[in-house]
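K.L.:
here is my input, please return the structure:
(2 chains)
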Amino acid sequence: MNRKYAFLGLFSALAIILSYVESLFPVFIGVPGVKLGLANLAILFILEQYSWREALSVSGIRIIVTGFLFGNMFSILYSLAGALFSLTVMTFLKKKTEASLYAVSMAGGIAHNIGQILVAMAVVENLSLIYYIPVLLIFGMITGFLIGLLTHELLKRLPDA
Amino acid sequence: MKKNEIRIFAGIFLFALLLWIALTLCGRFRTISSVKITVGGTELGTYSLAEDQVISIGEGNICEIRDGEARMISADCPDQLCVKQPAVDENGGSIVCLPHQVVIEASSGSSQAPQVDAISS
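P.N.:
So this is what the prediction gives:
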């Protein structure tokens, strides 16, 4: 039990650091706003090791801390929307289907982007954001795949928590 | 990754690609002569791309139209995403600033004087 809380604390810290590292350099140059989502490495790992409850707490802590440190009210709002939507989809796939880690991660990446664009549409009250959806779908899959790959390697190498 | 999963994601990829092409083509067939600027859903005005001008939007954003291209040249938010977005030109496009809820989008309508001017004149 205590071991688990220590792990969750550790991974919250890791997720915050990964967010910071990512803010230092743009991963996809030329496409503004698209990020790899390195912090999801920690979230996906926790989701695989424990359940959605633990993943939700780590994700929530990360968003609030990084939001206050490097972002603003809006970035917290967008992050929360993306994270909640993505975690819901990933949990559903993990529980109800036989989806592989890669598929879970890719669906999570897509859901994250769609969740954010929906909130953005509501905020700016303008449908022209729909033009970004194809780009976001494709980049959600690419980043989701890469995060799935990293998490897979991590799970192989780390002993069970 | 399983075979049917690859199929599903390939399907999503194709769908996204087709949607992308369709949206781009839709933009091509319109003759874009101006940009419409909205703040939080209310229209600020429509500005002609043919006229070089600098438009300050609200408190933080400045949009510049030069050589038939509209771009955001300055924003007071930390991430500067709208400044990095590609310009809106005769092929369409849009620039979005989320913190200030500003959208600059391609428009085929003729330019109208902003509402403020209509009142003051």
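K.L.:
next, give phi and psi for the most centrally placed residue in chain B.
P.N.:
Per C-alpha atoms, centre = their mean, the C-alpha nearest to the average position across chain B is that of B:Ser94, at 1.8 Å. In terms of degrees, to the nearest 10, the main-chain angles of B:Ser94 are phi -150, psi 150.
K.L.:
can you tell me the closest non-neighbouring residue to it?
P.N.:
Spatially, and ignoring its direct neighbours in sequence, B:Ser94 is nearest to B:Glu105 (4.2 Å; C-beta to C-beta, 6 or more residues apart in numbering or on different chains). The way it works is simple: take the backbone N, C-alpha and C, and place the C-beta from them, glycine included.
K.L.:
tell me which element the closest residue to B:Thr38 other than its chain neighbours falls in.
P.N.:
Nearest residue to B:Thr38 in three dimensions, chain neighbours excluded: B:Val103, at 4.9 Å (C-beta to C-beta, 6+ apart). Assessed by DSSP states H and E, B:Val103 sits inside strand B:102-107.
K.L.:
ok, that strand: who's next to it in the sheet?
P.N.:
strand B:34-39 (antiparallel), strand B:94-97 (antiparallel) (DSSP bridges).
K.L.:
residues from chain B in reach of chain A?
P.N.:
Within chain B, the residues that sit near chain A (C-beta under 8 Å from any C-beta of the partner chain) are B:1-2, B:5, B:8-9, B:12-13, B:15-17, B:19-20, B:23, B:38, B:40-41, B:77-79, B:81, B:84-85, B:93-94, B:96, B:98-99, B:101-103, B:105.
K.L.:
restricted to strands, list those residues.
P.N.:
B:Thr38, B:Ser94, B:Val96, B:Val102, B:Val103, B:Glu105 (DSSP state E).
K.L.:
what count of nearby residues applies to residue 9?
P.N.:
You didn't say which chain, so I picked chain A. Applying other C-beta atoms under 10 Å in any protein chain shown, we find 12 residues neighbouring A:Gly9.
K.L.:
think we crossed wires, I meant chain B
P.N.:
With other C-beta under 10 Å as criterion, B:Phe9 counts 19.
K.L.:
dump the residue contacts of it.
P.N.:
A:Ala103, A:Met106, A:Met141 (C-beta atoms under 8 Å, 6 or more residues apart in numbering or on different chains).
K.L.:
how far away is the closest residue to chain B within chain A from B:Val35?
P.N.:
Nearest residue of chain A to chain B, counting by C-beta to the nearest C-beta: A:Glu125, 2.8 Å away. For A:Glu125, the distance to B:Val35 equals 17 Å [C-beta to C-beta, to the nearest Å].
K.L.:
A:Leu77 reaches A:Leu118, doesn't it?
P.N.:
No. The criterion here is C-beta atoms under 8 Å, and A:Leu77 misses it with A:Leu118 at 11.8 Å.
K.L.:
of the two, which one has the most company?
P.N.:
Using other C-beta under 10 Å as the criterion, A:Leu77 and A:Leu118 rank with A:Leu77 on top: 18 against 15.
K.L.:
so which residue is smack in the middle of chain A?
P.N.:
Mean-position check on chain A, C-alpha atoms, centre = their mean. Result A:Asn40 at 3.8 Å.
K.L.:
B:Ile62 is in contact with B:Asp76, correct?
P.N.:
No. Between B:Asp76 and B:Ile62 there is no contact under C-beta under 8 Å: 9.5 Å.
K.L.:
tell me which of those two has more neighbours.
P.N.:
Between B:Asp76 and B:Ile62, B:Ile62 has the larger neighbour count (other C-beta under 10 Å), namely 16 against 12.
K.L.:
can you get me a residue count around B:Glu43?
P.N.:
Applying other C-beta under 10 Å, I find that B:Glu43 has 15 neighbouring residues.
K.L.:
quick one: what helix or strand has it in it?
P.N.:
Per DSSP H and E: strand B:42-48 holds B:Glu43.
K.L.:
what is that strand packed up against?
P.N.:
With contacts taken as 3 or more C-beta pairs under 8 Å, 6 or more residues apart in numbering or on different chains; DSSP states H and E, strand B:42-48 sits against strand B:34-39, strand B:53-57, helix B:115-120.
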